[in-house]
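Chemist: Just a sequence and a predicted model for now, questions to come.
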Amino acid sequence: MLDAGPSTTVTELAFGAGFTHLGRFSETYRKAYGETPNETLARSRKSSRRGKPRKGPP
């Protein structure tokens, strides 16, 4: 998830991971990583614009 391109969506990532129900993906992701997929993508995009190393879930 942290290596997702600037136009990659949570839907694309969920389907790519084999999920067909976005709510289940979000729930599973949040339980595993402590934040929603949208939060991870937003943080990833923000840090990649700054050129800083990214931390957190993949």
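Modeler: Alright, I've got the coordinates. Numbers count the residues shown, from 1 in each chain.
Chemist: helix or strand for the residue nearest to Leu22 when sequence neighbours are not counted, which one?
Modeler: Excluding its sequence neighbours, the residue lying closest to Leu22 (C-beta to C-beta, 6 or more residues apart in numbering) is Ala14, at 5.6 Å. All C-beta atoms are positioned from the backbone trio N, CA, C, and that covers glycine. According to DSSP states H and E, Ala14 maps onto helix 10-16.
Chemist: Any idea how far that helix is from the middle of the chain?
Modeler: 9 Å (C-alpha atoms, centre = their mean, to the nearest Å).
Chemist: Going by contacts, tell me the helices and strands next to that helix.
Modeler: Applying 3 or more C-beta pairs under 8 Å, 6 or more residues apart in numbering; DSSP states H and E, one finds that helix 10-16 contacts helix 22-33, helix 37-50.
Chemist: Please point out which parts of the first one sit buried.
Modeler: Within helix 22-33, the residues that qualify as buried by neighbour count (16 or more other C-beta atoms under 10 Å) are Phe25, Ser26, Tyr29.
Chemist: what's it packed up against?
Modeler: helix 10-16, helix 37-50.
Chemist: CA atoms only for the first one - export them in CSV, please.
Modeler: Spelled out, it's helix 10-16. Extracted in CSV, the C-alpha atoms of helix 10-16 (Å, rounded to 0.1, in the frame of the first residue of the first chain):
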residue,chain,number,x,y,z
VAL,A,10,-8.2,1.5,-2.2
THR,A,11,-10.7,-0.4,-4.4
GLU,A,12,-7.9,-1.4,-6.8
LEU,A,13,-5.7,-2.5,-3.9
ALA,A,14,-8.6,-4.5,-2.3
PHE,A,15,-9.5,-6.3,-5.5
GLY,A,16,-5.8,-7.0,-6.1
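Chemist: Throw the helices and strands packed on helix 10-16 into a markdown table and include mean pLDDT and distance to Met1, thanks.
Modeler: As requested, these are exported to a markdown table (pLDDT from 0 to 100; distance: least, C-beta to C-beta, whole Å):
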| stretch | mean pLDDT | distance to Met1 |
| --- | --- | --- |
| helix 22-33 | 96 | 8 |
| helix 37-50 | 82 | 5 |
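Chemist: For Arg30, give its distance to Ser7.
Modeler: 23 Å (C-beta to C-beta, to the nearest Å).
Chemist: Since that was my last question, I'll sign off now.
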